[in-house]
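1. This is a predicted model, with the sequence first.
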Amino acid sequence: SENPSVLPSGTPSAIPTYADCGMSVEDRRNRMTDTLLTVSDPSVLLTPGTPQFNARNWLLELDTFKSCPQDTLFVQRYVLAVFYFSTRGDSWRQCNAPSDFSDTIEIEQANSDCTIMSNGYDPHRVSTIQGLDAWLSSSHECSWGGLACDSTTSRVDRIEFENNGLAGTLPFELQELTDLRFLIAEEGRTTGSIPSEYGTLSNLIVMDLNYNHLTGVLPEEIYRMSNLAQLDLNDNFLSGTISSSIGEFQDLRLLQIDKNLFSGTIPDTIGLLEKLEILDMFGNLFEGAMPNSICQNRDIQGGSITDLTVNCDEFCFPKVECTVPECCTRCPFW
């Protein structure tokens, strides 16, 4: 947001840092587990060693915040813990969890080592709160570095990490963060595929996962994110074709899928994206001709696209044919 507020360690929030759940330890465990079974499959939630099992164990046994089953945001806290374990948070460059969750000195040291703020540009200027605490610390999750939450609802609005050593895989449980608008996890070592479940994130406006090791195809469900304005997936190992459903991204302004393994032809429905400004597709395996609908949307034709890169140079292979030479830029060196 334009004027985000920082939520420092120990700052009170709508969710208390300690709560008496009004039930036995066993009842608390059972009720929370029952709820989490609606979020994660039993095969991962109840299997030792999985990110989901580790997140549940931390939430029930180690987290001094003491969430209760009736807390409206305890699932959010669990999902973020899954994200931490799934992306190997113990190897992050910053904001790692304290080594001892009950040692105040360890917690203070971990917090002091976290300087990542989630304060990127927000065209809608939503009021958010941000923190600089270590992940899995005893503070409210909105206090953790790299996160921003809506200042009214305390629901996660933004996850933002750049070159922080994220590895592992992206957990499908992020689909539970229904208010999420920014998912930025770039310049890491993240592997695996983009979960199809992310297609339910209808409020997402930025998905920036470039410079990782992602593989697989772009799920058809992703094209359902009707508010997406930026899809930045360059420098991965993504493959398959680009669906004609990409024309549904009516708010898309930036599409960077260069330096991947995408193949097939370029969908003519991209030409329907009247707000698209940046279109980078070079360094893939696309073939065929550049659709006239895209060329007609170039700025030189009075359209919106100011930058278009694709393998159209005679030295590029495979090559995309441009019947309108001024439509396509030359294949950049890479």
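-> Arrived safely. Treat the numbers as computed from the prediction; the structure is a model and nothing was measured.
2. Could you give the backbone dihedrals for I294?
-> phi -70, psi -40 (degrees, to the nearest 10).
3. Point out where the stretch 1-150 of the chain drops to low pLDDT.
-> Within the stretch 1-150 of the chain, the segments meeting pLDDT under 70 span 1-19.
4. May I ask you to confirm that R56 is in contact with T33?
-> Yes: R56 is within contact range of T33, at 6.9 Å (criterion: Cβ atoms under 8 Å). Heads up, the C-betas are built off the backbone N, CA and C, glycines and all.
5. Residues in contact with both of those two, list them for me.
-> L45 (Cβ atoms under 8 Å, 6 or more residues apart in numbering).
6. Mind checking which of these two has more residues around it?
-> R56 (24 against 16; other Cβ atoms under 10 Å).
7. what's the span of stretch 180-190, first residue to last?
-> Length of stretch 180-190, first residue to last, Cα to Cα, to the nearest Å: 20 Å.
8. what is the mean pLDDT for that stretch?
-> What stretch 180-190 shows for mean pLDDT is 98.
9. Could you pull out the buried residues of it?
-> 180-188, 190 (16 or more other Cβ atoms under 10 Å).
10. try stretch 223-237
-> Buried residues in stretch 223-237 (16+ other Cβ under 10 Å): 223-225, 228-236.
11. Likewise for stretch 151-158?
-> 151, 154, 156-158.
12. Closest one to L37 out of those, please.
-> V156 (21.5 Å; Cβ to Cβ).
13. distance of the closest one from G247?
-> Distance, V156 to G247, by Cβ to Cβ, to the nearest Å: 30 Å.
14. what does F262 give?
-> From F262 to G247 the distance is 16 Å (Cβ to Cβ).
15. same thing with F85?
-> 37 Å.
16. So if I had to pick from the two, which one is more boxed in?
-> The neighbour count for F85 versus G247, taken as other Cβ under 10 Å, is higher for F85 (23 against 17).
17. Would you agree the more buried one falls within a helix?
-> Yes: counting by DSSP: H, G, I helix; E, B strand; the rest coil, F85 is part of a helix.
18. residues in contact with it?
-> Neighbour list for F85: 51-52, 54-55 [criterion: Cβ under 8 Å, 6+ apart].
19. swap the cut-off to 7 Å and go again
-> F85 makes contact with 51, 54-55 under the criterion Cβ atoms under 7 Å, 6 or more residues apart in numbering.
20. I'd like to know which of those are buried.
-> For these, buried by 16+ other Cβ under 10 Å: 51, 54-55.
21. from what I can see F172 touches P195, true?
-> Yes: if you go by Cβ atoms under 7 Å, F172 and P195 touch, sitting 4.0 Å apart.
22. In helices, which of the contacts of F85 appear?
-> Taking DSSP state H as the definition of helices, those contribute 51, 54-55.
23. does T191 have beta-bridge partners, and which?
-> T169 (DSSP bridges).
24. Going forward, count from 15.
-> With 15 as the first residue, the last one maps to T205.
25. neighbours around it, how many?
-> T205: 15 neighbours (other Cβ under 10 Å).
26. Could you pull up the contacting residues of it?
-> 183, 227-229.
27. cool, P305 as well?
-> 280, 282, 285.
28. Could you rerun that using 10 Å?
-> 279-285, 311, 337, 341 (Cβ atoms under 10 Å, 6 or more residues apart in numbering).
29. And for N224?
-> Contacts of N224 (Cβ under 10 Å, 6+ apart): 176, 198-202, 246-250, 270-274.
30. rewinding a little: adding pLDDT and neighbour count, write the contacts of T205 out as TSV.
-> As requested, the contacts of T205 are arranged in TSV below (pLDDT from 0 to 100; neighbours: other Cβ atoms under 10 Å):
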residue	pLDDT	neighbour count
T183	99	16
H227	99	13
L228	99	22
T229	99	15
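31. Okay, and which of the residues you listed map to strands?
-> T229 (DSSP state E).
32. And the contacts of T205, which is closest to T78?
-> T183 (28.0 Å).
33. That closest one contacts S207, doesn't it?
-> Yes: using Cβ atoms under 10 Å, T183 is in contact with S207, at 8.1 Å.
34. What distance do you get for the residue nearest to F115 when sequence neighbours are not counted to A95?
-> Nearest non-adjacent residue to F115, counting by Cβ to Cβ, 6 or more residues apart in numbering: L76, 4.9 Å away. Noted for L76: a distance of 10 Å to A95, by Cβ to Cβ.
35. And P112, by the same measure?
-> Distance from P112 to A95, by Cβ to Cβ: 14 Å.
36. for G159, same thing?
-> For G159 relative to A95 (Cβ to Cβ), the value is 15 Å.
37. Determine the residues that are contacts of both of P112 and A95.
-> By Cβ under 10 Å, 6+ apart, the residues touching both P112 and A95 are 149-150.
38. Contact partners for P209?
-> 183-189, 230, 233, 235-236.
39. PyMOL command to pick out the buried ones of these?
-> The following PyMOL command selects only the buried members of those, with burial defined by 16+ other Cβ under 10 Å:
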select buried, resi 183+184+185+186+187+188+189+233+235+236
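40. Pick the one among the contacts of P209 closest to I292.
-> Nearest member of those to I292, counting by Cβ to Cβ, is I236, at 18.2 Å.
41. That concludes my questions; thank you for your assistance.
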